[in-house]
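Enquirer: sharing a model that was predicted from the sequence below.
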Amino acid sequence: MLLGKEPSLTCLADGTLLLLTQHGGLFRSLDGGAAWAKPQCEPLRYTRNILPQLDGGLLLFDDGPSRVRSTDGGQTWPERESITVASAPGFRFGEASIAKLSEQDFLAAVRMCGEEFEAIGGPPRIAELPEFREIPPRHECTDHMVLLESEDQGRHWSKPRSFLGYGEVHAYLLLRDGRLLATYSNYHLPFGTFAVLTEDNGQTWDTDHPIQLSMSLTAFTGWANSVQLGNDDILTAYAITAYLEGEGHAQMMPGRDDTAAEVVRWRLPPPGECYDGG
């Protein structure tokens, strides 16, 4: 059993599959997923996707934060270098998804604790928001997504800037027909999986027209990953976890000890148009 949440698959040109999980690490398969082996790579918390390079190399990032590279199809990852984030000492790439806008330009969506976000200048202060007055510090629904840009293949990153709202997490980035798609989870009502679009490489997002992909009984849903299919459809997979909120932490629902995976197949609206729910 391969442990770890938020798994994502990367298929290389020769058919090799690479599987990333946040806690379980990195795994590699040569037979379409029937058998898996663990490559030589330190068991750290990795970003949610792998970035292929034009020279055949592969890039991933951990929350050290470090930039890690393989030149043998993911068998070994010997190249590791520290990276810097402007105006954010100690920044970690937690639950990050990274989109390659060009061979040099990357965009990262990273999840932060609300208090950590405030500490680097994120507005507004959680304590001043009425809906958060009764919520304990560092509660998951006060987490926040931020965006960072790099112009040198992830060696140096811009200062984190606000993305989405408090309690809107697990953002996963996917390039599509010149636009960028982000799927994410709502840890506030309405619970479920959502998506938003940008047509300017992530500078502005159409958050006034979020696309609701699923509904959930509780906040503990999401970790969505999306892939583009050959007929322009999008396939988004996400988890539904049987959690209820306990005193200061999450508890399993009585009689439930499982997490179910669901998928939704859908199609983006044409460029310049809003999603009509079809």
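Expert: Thanks, I have the structure now.
Enquirer: my guess is residue 182 contacts residue 207, does it?
Expert: No - the criterion here is CB atoms under 8 Å, and residue 182 misses it with residue 207 at 9.8 Å. Using the backbone N, CA and C atoms, a C-beta is placed for each residue, glycine as well.
Enquirer: which of those two has more residues huddled nearby?
Expert: More neighbours surround residue 182 than the other of residue 182 and residue 207, with 29 against 15 (other CB atoms under 10 Å).
Enquirer: so what's that one up against?
Expert: Taking CB atoms under 8 Å, 6 or more residues apart in numbering, we find residue 182 in contact with 109, 163, 164, 171, 172, 173, 174, 195, 196, 197, 198, 205.
Enquirer: how about 10 Å then?
Expert: Shown in contact with residue 182 (CB atoms under 10 Å, 6 or more residues apart in numbering): 97, 99, 107, 109, 145, 147, 163-164, 168, 170-174, 194-198, 202, 205, 207, 210, 224, 226.
Enquirer: buried among those? Make that a PyMOL selection.
Expert: Written as a PyMOL command, the selection of buried residues from the contacts of residue 182, which uses 16 or more other CB atoms under 10 Å, is:
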select buried, resi 97+99+107+109+145+147+163+164+168+170+171+172+173+174+194+195+196+197+198+202+205+210+224+226
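Enquirer: next step: the contacts of residue 182 restricted to helices.
Expert: Among the contacts of residue 182, no member is found in helices (DSSP state H).
Enquirer: now do the shared contacts for residue 182 and residue 207.
Expert: With CB under 10 Å, 6+ apart as the test, residue 182 and residue 207 both reach 163, 164, 168, 194, 196, 197, 198.
Enquirer: closest one of those residues to residue 81?
Expert: Nearest to residue 81 out of those is residue 163 (CB to CB; 25.8 Å).
Enquirer: surely the closest one is in contact with residue 180?
Expert: No - between residue 163 and residue 180 no contact is recorded; they are 11.6 Å apart, counting by CB atoms under 10 Å.
Enquirer: intersection of neighbour lists for the two?
Expert: With CB under 10 Å, 6+ apart, residue 163 and residue 180 have common neighbours 109, 196, 202, 205.
Enquirer: what is the nearest of these to residue 230?
Expert: After measuring the shared contacts of residue 163 and residue 180 against residue 230 - CB to CB - the closest member comes out as residue 196, at 24.0 Å.
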